[in-house]
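# Task: produce atomic coordinates for the following.
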Amino acid sequence: MRVYLSPLQKKDASKVFAYWSDEEVTRYMNIEPFTTLYQAESMIALLQSLTKEGKATRYVIRLKTSDEIIGTCGLNRIDYVNKQAEIGYDLGRPFWKKGLMTEALCLLLEKAFEEFHIQEIEAKVDPNNKDSITLLKNSRFNYKRRMNQMIVLVYTPSTRKK
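This next block holds a predicted model:
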C-alpha cells in the first residue's frame, strides 16, 4: 500500500480546502466548492462532532512516502443496530488515475468491517460519475438499486470473499 488513513483534524483544513474548493473534485460530491478556509474548518468540526456521536467518521488519505494529504474518505450514516454504513470519498486531482483511491478504499473497508463491525456498506453515486462507478465495481461493490437520480451500490462480507 502506498497510502494510509489518519483521522481528519482541524490542522488538515488548508490541505482539504485545496481539494474541496476544486470544482472538478466536488462535482459529484454533496457540497458546493468551498470558497473560504473557514468552510473547510467548519466541515471538519461537523465531521468531528459526528464522529464523537458515533454517526460518521472521516479520515485523510496520506501518501506513505511523504505524509502528504491527497484526499479524504469515511463512513457516513453509521447504523450500528443494522450494521450498515454509507461511504464517501474524494481525491485531489493530481492523484487521479493512479490506483491510490483503490488502496484507500481497501483500507476504509477493512476499518468498516474490523473496527466498526459493519456488515453492509452502500455507496450512492451519480450515474455520470463513471470513474467512481468503475472504482466501486472493481472493488466488488454490486448494483443494488436506483434512488433519487443516484445509483446505489453495495458491499457485504459475501462480496469481500470473492
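
# contacts and neighbour counts: CA atoms only from here.
Noted.

# Leaving out the residues flanking it, which one is nearest to R62?
I69 (4.5 Å; Cα to Cα, 6 or more residues apart in numbering).

# measure that neighbour to T36 for me?
Distance check for I69 against T36: by Cα to Cα, to the nearest Å, it reads 19 Å.

# So for these two, which sits in the more crowded spot?
I69 (21 against 13; other Cα atoms under 10 Å).

# tell me the contacts of that one?
By Cα atoms under 8 Å, 6 or more residues apart in numbering, the contact list for I69 reads 15-16, 60-63.

# swap the cut-off to 10 Å and go again
Neighbour list for I69: 3-6, 12, 15-16, 19, 60-63, 91-92 [criterion: Cα atoms under 10 Å, 6 or more residues apart in numbering].

# mind giving me CSV with these and columns for neighbour count and pLDDT?
Converted to CSV, those look like this (neighbours: other Cα atoms under 10 Å; pLDDT from 0 to 100):
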residue, neighbour count, pLDDT
V3, 21, 98
Y4, 18, 98
L5, 22, 98
S6, 13, 97
D12, 15, 97
K15, 17, 95
V16, 25, 95
Y19, 23, 93
V60, 26, 98
I61, 30, 98
R62, 20, 98
L63, 17, 98
L91, 22, 96
G92, 19, 96
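
# Nearest to K111 among those?
L5 (9.8 Å; Cα to Cα).

# What segments of the protein are helices?
Counting by DSSP state H, the chain has helices at residues 13-20, 23-26, 37-52, 100-114, 130-138, 157-160.

# Go ahead and confirm N76 touches Q48.
No. In this structure, N76 is not within contact of Q48 by Cα atoms under 10 Å, at 11.9 Å.

# Common neighbours of those two, please.
54-58.

# Weed out the non-buried ones from these.
The neighbour count (16 or more other Cα atoms under 10 Å) marks 55-58 as buried among the shared contacts of N76 and Q48.

# Just the ones of those residues in strands?
57-58 (DSSP state E).

# Closest to A104 out of the buried ones among the shared contacts of N76 and Q48?
Distance to A104 across the buried ones among the shared contacts of N76 and Q48 (Cα to Cα) is lowest for R58, with 12.2 Å.

# wait, that closest one sits on G74?
Yes. Counting by Cα under 10 Å, R58 sits close enough to G74 to count as a contact (4.2 Å).

# Need the overlap of contacts for the two.
Contact criterion Cα under 10 Å, 6+ apart; residues shared by R58 and G74: 5, 7-8, 47, 87-89, 108.

# any idea which of these is the one closest to K137?
Nearest to K137 out of the shared contacts of R58 and G74 is I87 (Cα to Cα; 14.0 Å).
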